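1. Fold the stuff below for me.
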Amino acid sequence: MDNYSKLIKISESEKTSKEQLYELSKHEHYGIRYRVAKNISTPENVLSNLVNDETISVRYEVAKNRNTNLKDLVKLLKDKSSIVVNEAKNNLEERVKKEITTPDTIGIKKIKLITDYF
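-> Coordinates of the predicted model:
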């Protein structure tokens with residue numbers, strides 16, 4: 001197995017440490033960054049670093065990832081790619097639905113953040 005293949009496996013693994021994911025999020029090859037953005041274990045601070053990635057597929061996976069923070073999703077609503085914008089909208093809509101069905105003080109603040117954007 002070559003080095004790139006190893007990095008692919010590491011970036012896809014849910015068991016990869018936050019520190020490793022952070023380092024991999026800065027990798028020169030978009031395929032590694034794409035897999036970090038897609039990984040459901042990638043923390044929001046790492047996803048925040050990928051919001052401005054030059055590659056559409058990386059930003060798309062950031063928009064899709066449930067760990068992406070709300071401010072970054074709102075930022076992605078202004079992306080130059082319509083597929084990124086649509087996925088950010090879908091992610092926000094799902095979160096609003098979830099917050100409405102289980103409201104709490106934090107959830108209400110999150111909904112306000114989203115609705116203030118619109």
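
2. which helix is the longest one in this structure?
-> Using DSSP state H, we find that the single longest helix of the chain is helix 82-101.

3. Just list what that one packs against, helices and strands only.
-> Helix 82-101 sits against helix 56-64, helix 70-76, helix 105-117, with contacts defined as 3 or more C-beta pairs under 8 Å, 6 or more residues apart in numbering; DSSP states H and E. C-beta coordinates here come from the backbone N, C-alpha and C atoms, glycine included.

4. Can you list the neighbours in contact with the first one?
-> By C-beta atoms under 8 Å, 6 or more residues apart in numbering, the surrounding residues in contact with helix 56-64 are 30, 33-34, 37-38, 47, 50-53, 68, 72-73, 76, 79, 81, 83-85, 87-88, 90-91.

5. Only the buried residues of the longest helix of the chain, if you could.
-> Judged by neighbour count using 16 or more other C-beta atoms under 10 Å, the buried positions of helix 82-101 are Val84, Val85, Glu87, Ala88, Asn91, Leu92, Arg95, Val96, Glu99.

6. Can you add pLDDT and distance to Val58 and give the residues you listed back as CSV?
-> Formatted as CSV, the entries for the buried residues of helix 82-101 read as follows, by pLDDT from 0 to 100; distance: C-beta to C-beta, whole Å:
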residue, pLDDT, distance to Val58
Val84, 98, 10
Val85, 97, 15
Glu87, 97, 12
Ala88, 96, 13
Asn91, 94, 15
Leu92, 91, 19
Arg95, 84, 21
Val96, 80, 25
Glu99, 69, 27
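
7. With that, I have no additional questions.
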